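Asker: No letters, just coordinates:
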């Protein structure tokens, strides 16, 4: 009977381990305690800071306005969602050239990150992004027919969740995943324990507009195959692969900005690679 006792102990240990992962998983997915607010960053002078009201408190959002509006005074809007180890503070200076190319850029902070209230989860992030979208999409300088949702890494989950709730003209998924469920295997845990699955693949399957997928072939955080699968299941997709890892994608921003600008002009995307 010794083996039955051993099996019982192993089962109990695994159940305790799974329960532990269930409790701490959000701290692993959203490591807010390790994400500080960088000091001394130079921000564009025309950056507009705003607070967005949600059911759990205020979240911060920044709007970098287009510097080349169209004849009607309107420009496309890019809604940008950053990675899980970042805050919005680092991105305006990086993406400022897009404002010079005629795009409005909305940076939305995650609940519990930076100066925003609340705690991050799929539900709270979706609420933060839909509320921010609603606040900006109707503004006179925004072309409501050309709103594009751009997510990097975990941000792909944020914008896919937003795409399921609000209209958009296109999705840009950079270094993102099909779903968080497959990552449970890394921890030897069943996928149904994932509390915030961010099922991007299901959203992409149903999404009727163009999808631009950018992914590093050498990505050690989110394997390249995730990008391939997202592009393969989208009805209108272009896959742009780079020979890079996760945090250095894209290797150079300027060539990528040209691809992004072309995508946002509503041209038909090229077939997936």
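Answerer: It's in. What you see is a predicted model; the values in this text were computed from it and never measured. Residues are numbered from 1 along each chain as shown.
Asker: quick one: residue 219 from residue 153, how far?
Answerer: Between residue 219 and residue 153 the distance is 10 Å, computed by C-beta to C-beta, to the nearest Å. C-beta here means a position set from N, CA and C on the backbone, and glycine is covered the same way.
Asker: Now do the shared contacts for those two.
Answerer: 175, 246 (C-beta atoms under 8 Å, 6 or more residues apart in numbering).
Asker: so who does residue 217 touch?
Answerer: Counted by C-beta under 8 Å, 6+ apart, residue 217 has contacts 224, 241, 242, 243, 244.
Asker: of those, closest to residue 103?
Answerer: Closest approach between these and residue 103, by C-beta to C-beta: residue 242, at 21.6 Å.
Asker: Where neighbours are concerned, which of the contacts of residue 217 has the most?
Answerer: residue 242 (20 neighbours; other C-beta atoms under 10 Å).
Asker: and that one, bridged to which residues?
Answerer: residue 216 (DSSP bridges).
Asker: Strands of the stretch 51-200 of the chain, start to end?
Answerer: 57-64, 75-81, 104-108, 142-152, 170-174 (DSSP state E, counting those that start in this stretch).
Asker: number of nearby residues for residue 15?
Answerer: By other C-beta under 10 Å, neighbour count at residue 15 equals 10.
Asker: now whichever helix or strand it is part of, how far from the centre of its chain.
Answerer: Residue 15 belongs to helix 2-29 when elements are defined using DSSP states H and E. Centroid separation between helix 2-29 and its chain, computed with C-alpha atoms, centre = their mean, to the nearest Å, is 31 Å.
Asker: Then stretch 183-199?
Answerer: That offset, for stretch 183-199, works out to 18 Å (C-alpha atoms, centre = their mean).
Asker: Adjust the sequence numbering to begin at 362 for everything that follows.
Answerer: Sounds good: first residue 362 from here, last item stretch 544-560.
Asker: List the buried residues in stretch 574-588.
Answerer: 574, 575, 576, 577, 580, 583, 584, 585, 587, 588 (16 or more other C-beta atoms under 10 Å).
Asker: Same check on stretch 502-521?
Answerer: Per 16+ other C-beta under 10 Å, stretch 502-521 contains these buried residues: 502-504, 507-521.
Asker: try stretch 550-562
Answerer: For stretch 550-562, by 16+ other C-beta under 10 Å, it's 550, 555, 557, 558, 559, 560, 561, 562.
Asker: And stretch 471-484, by the same measure?
Answerer: 471, 472, 473, 474, 475, 477, 478, 479, 481, 482, 483.
Asker: dump the residue contacts of the last one.
Answerer: The contact partners of residue 483, taken as C-beta under 8 Å, 6+ apart, are 518, 522, 556, 557, 558, 559.
Asker: which of those residues lies closest to residue 376?
Answerer: Among the contacts of residue 483, and counting by C-beta to C-beta, the member closest to residue 376 is residue 556, at 17.2 Å.
Asker: Nearest spatial neighbour of the closest one, chain-adjacent residues omitted?
Answerer: Distance criterion C-beta to C-beta, 6 or more residues apart in numbering; nearest residue to residue 556, sequence neighbours excluded, is residue 386 at 6.2 Å.
Asker: same question, residue 411
Answerer: residue 422 (5.3 Å).
Asker: residues contacting residue 396?
Answerer: 445, 446, 447, 448, 474.
Asker: And it, its phi and psi?
Answerer: phi -110, psi 100 (degrees, to the nearest 10).
Asker: Quick check: it vs residue 575, distance?
Answerer: Taking C-beta to C-beta, one finds residue 396 at 23 Å from residue 575.
Asker: What of residue 609?
Answerer: Relative to residue 575, and taking C-beta to C-beta, residue 609 is found at 12 Å.
Asker: Off-centre distance for stretch 403-410?
Answerer: Worked out by C-alpha atoms, centre = their mean, stretch 403-410 lies 22 Å from the chain centre.
Asker: contact partners of it?
Answerer: With C-beta under 8 Å, 6+ apart, stretch 403-410 has contacts from 421, 422, 423, 424, 425, 426, 428, 450, 453, 454, 457, 460.
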